[in-house]
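[1] A predicted structure for the sequence below; I have some questions about it.
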Amino acid sequence: MIPKKYEMFVFAFVMATFMAGFMSFVVTLINLGFVDGLVWFWLEAYWKAFLIAFPTIMVVVPQVRKIVHKLVAKE
C-alpha cells in the first residue's frame, strides 16, 4: 500500500488519468470524428492533457476544498 502522506499525489494522479483520458478523447472525437488513426490522435492529446491536468489538480483541489468547506453548512 501507498503511505498516507502521498494521498494527494495519488489522488491527483488518478484524477488526472481519468479526466485527461476522458476529456482528451471526447474533444479529439468532436474535432476529428471517427477517422483512421483516431487512437493515435487521442493518445497524443492525452499525454499533453495529463501534463496540464496533474499539476492543476495539485493546486486546485486544496482551494476547492476550502471553498466547499465555507459553502456547506456545518451539522
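    Perfect, thanks for sending it.
[2] what helix or strand is Ile52 located in?
    helix 38-71 (DSSP states H and E).
[3] what mean pLDDT does stretch 39-57 get?
    Summarised as a single mean, pLDDT over stretch 39-57 is 95.
[4] on that earlier part again, could you list the buried residues of the helix holding Ile52?
    41-42, 45-46, 49-50, 53-54, 57-58 (16 or more other Cβ atoms under 10 Å). (C-beta placed from N, C-alpha, C; glycine too.)
[5] just send the residues you listed back as TSV, with distance to Pro3 too.
    Listed next are those as TSV, based on distance: Cβ to Cβ, whole Å:
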residue	distance to Pro3
Phe41	38
Trp42	34
Ala45	33
Tyr46	28
Ala49	28
Phe50	23
Ala53	23
Phe54	19
Ile57	20
Met58	17
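[6] nearest spatial neighbour of Ala49, skipping sequence neighbours?
    Nearest residue to Ala49 in three dimensions, chain neighbours excluded: Ala20, at 3.9 Å (Cβ to Cβ, 6 or more residues apart in numbering).
[7] so that neighbour touches Thr56, yeah?
    No. Using Cβ atoms under 8 Å, Ala20 is not in contact with Thr56, being 9.9 Å away.
[8] so what secondary structure elements neighbour the helix or strand where Ala20 lies?
    For Ala20, the enclosing helix or strand under DSSP H and E is helix 7-32. On a contact count with 3 or more Cβ pairs under 8 Å, 6 or more residues apart in numbering; DSSP states H and E, helix 7-32 meets helix 38-71.
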